[in-house]
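Novice: Dropping a prediction and its sequence here:
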Amino acid sequence: MTDILKTVTLGCKVNQYETQLVREGLLGIGYRDASGQQAANLCIVNTCTVTREGDAKSRQTIRRLARENPESRIVVMGCYATRAPDELAVLPNVSEVVTDKREIPDLLGRFGVIDIHSGISQFGDRHRAYVKVQDGCLLRCSYCVIPFVRPGLYSRPVESILQEIRRLTDNGYREIVLTGIHLGHYGVEGNWNKPKAEWLRLSHLLGQVAELKGDFRVRLSSIEATEVTRELIHVMAEYRDRVCPHFHICLQSGSDRILRRMKRRWSTRTFRHRCQLIRESLDQPALTTDIIVGFPGETERDFQATCQLVREIGFSKTHVFPFSARSGTPAATFPDQVPKRIKKARTRELVHIEGESRDAFFQSLTGRTLQVLAESQDPLTGAWLGTSCRYTPTELPKSKTIRAGQLVAARALRVIQNRVVAIPPDTTD
């Protein structure tokens, strides 16, 4: 009897990559993905614990899989599994809880995987592939539990990463997203005992990725403001046809007082300076960010400082999160917690501002040529939907010459329903 597999991933890009690593190993020994409502006899759940909602969704997912796949074994991994394995071990059908992602080779070995690869060659049915280049985080932000549930700082060897990207691009993936728990710290742990002239940093890795042959583009995932270096920006400018002009820089708050309470490593002045440097060096780059609303002690004045900075920077997308206290972090014990109703009201206000900022950026692209990754077709109109190099949802006209996974040069015409409408140069509007 064929072994049937289901995988579910919650949380970040790194989790999605690690799930794929496990999935490929199991498919290689004869497992098959469940189709439709087919019951599985093995389920892999990769959990997230960034927020309490992440914990709750992880538990709900496990219970649902147990109901729908009553004869299955469920293996649970991820940050929630590391933080609270006993909470997950008692859930229905859970046969194993993997508390350390470094145990993935051992996990696969227990299922009979002998040839364990150092990377992936597929990424499901997506057209962009995430490549994990490092793990671990040295920071101790007062609200974040992730440094305590991830392994120590580790960066993958450059050649291993390049080989993986070659496999993925050979298999048709046209966008590669470099990701990590703390992407900007790529190479840092190997530099501690080296002269500065020999240091390996993210800028060096990006330059070597950009030199690879093939029809693909590369994008960076989340990075900290202090790690947006002149060297990194220079590489992006030098390889402008290969590297997407897009930075996702975590802001979290526009108030210096709150940033200090968060134990962030930079001020709003530094953040502004790095964004200015990016705009001076790159051609109309996209800037996206994350913001926590209602951090303990956040006053209306602090919140308005955040709103003002969002307007000033002109982010093309802002992920807004109401503060969620995580047990074991300093912020969870701060006495001046913000009431839920205030967090909700501030979240609504900032989401409205985010919409205005996003629309202004989208409109600014009108008339220019964008490189669009075609990903799917609208079932009603046949129009192609995809993502531009500047991370805008983009619509292309119905076309027999466009195929899923293709990079298409198209001129932005207008903005409709939170997406950019664009046409290839040989198409009439």
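Specialist: That came through, no problem.

Novice: got the domain boundaries for this structure?
Specialist: With domains defined by automatic domain parsing, the chain comprises 4-110, 124-244, 369-423.

Novice: between those domains, which one is nearest to residue 351?
Specialist: Smallest distance to residue 351 across the domains of the chain (CB to CB): 12.5 Å, for domain 369-423. (Each C-beta comes from the backbone N, C-alpha and C, glycine too.)

Novice: quick one: terminal-to-terminal distance for that closest one?
Specialist: Start-to-end span of domain 369-423 (CA to CA, to the nearest Å) is 9 Å.

Novice: could you redo the domains of the chain as TSV and give each row distance to residue 351 and mean neighbour count?
Specialist: What follows is these, written out as TSV (distance: least, CB to CB, whole Å; neighbours: other CB atoms under 10 Å):
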stretch	distance to residue 351	mean neighbour count
domain 4-110	17	18
domain 124-244	20	18
domain 369-423	13	17
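
Novice: Turn those into JSON lines, including distance to residue 330.
Specialist: Output for the domains of the chain, formatted as JSON lines (distance: least, CB to CB, whole Å):
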{"stretch": "domain 4-110", "distance to residue 330": "16"}
{"stretch": "domain 124-244", "distance to residue 330": "4"}
{"stretch": "domain 369-423", "distance to residue 330": "33"}
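
Novice: Residue 359 is nearest to which of those domains?
Specialist: Comparing these by their distance to residue 359 (CB to CB), the top pick is domain 369-423, with 6.6 Å.

Novice: sorry, back to before: I'd like the domains of the chain as TSV, with mean pLDDT and distance to residue 302 appended.
Specialist: As requested, those are exported to TSV (pLDDT from 0 to 100; distance: least, CB to CB, whole Å):
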stretch	mean pLDDT	distance to residue 302
domain 4-110	94	21
domain 124-244	93	15
domain 369-423	96	28
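
Novice: so which of these gets nearest residue 307?
Specialist: Per CB to CB, nearest to residue 307 of the domains of the chain: domain 124-244, 18.6 Å.

Novice: Show me how far the closest one is from its chain's centre.
Specialist: For domain 124-244, the separation from the chain centroid amounts to 12 Å (computed by CA atoms, centre = their mean, to the nearest Å).

Novice: what does stretch 63-81 give?
Specialist: Distance, centroid of stretch 63-81 to centroid of chain: 24 Å (CA atoms, centre = their mean).

Novice: change the start of the numbering to 36 and stick with it
Specialist: All set: I'll call the first residue 36, so the last point we hit is now stretch 98-116.

Novice: Can you name every helix or strand that the longest helix along the chain contacts?
Specialist: Assignment by DSSP state H gives helix 375-399 as the longest helix of the chain. With contacts defined as 3 or more CB pairs under 8 Å, 6 or more residues apart in numbering; DSSP states H and E, helix 375-399 has these neighbours: strand 321-328, helix 335-348, strand 352-357, strand 442-451.

Novice: what is the orientation angle of the very next helix or strand once past that helix with strand 442-451?
Specialist: Scanning forward in sequence from helix 375-399 by DSSP states H and E, the next helix or strand is strand 404-412. Compare the direction of strand 404-412 with that of strand 442-451 by axes from the mean of the first three to the mean of the last three CA atoms, to 10 degrees and you get 90 degrees.

Novice: Sheet partners, orientation included, of whichever helix or strand comes after strand 404-412?
Specialist: Counting by DSSP H and E, the next helix or strand C-terminal to strand 404-412 is strand 419-423. Looking at strand 419-423 with DSSP bridges, its partner strands are strand 404-412 (antiparallel), strand 428-431 (antiparallel).

Novice: and residue 56, what is it in contact with?
Specialist: Residue 56 makes contacts with 139, 152, 154, 155, as judged by CB atoms under 8 Å, 6 or more residues apart in numbering.

Novice: pLDDT check: weakest of these?
Specialist: pLDDT across these is lowest for residue 152, at 79.

Novice: Tell me how many other residues crowd that residue.
Specialist: By the criterion of other CB atoms under 10 Å, residue 152 has 16 neighbours.

Novice: For it, give me its contacts.
Specialist: Applying CB under 8 Å, 6+ apart, the residues near residue 152 are 56, 59, 60.
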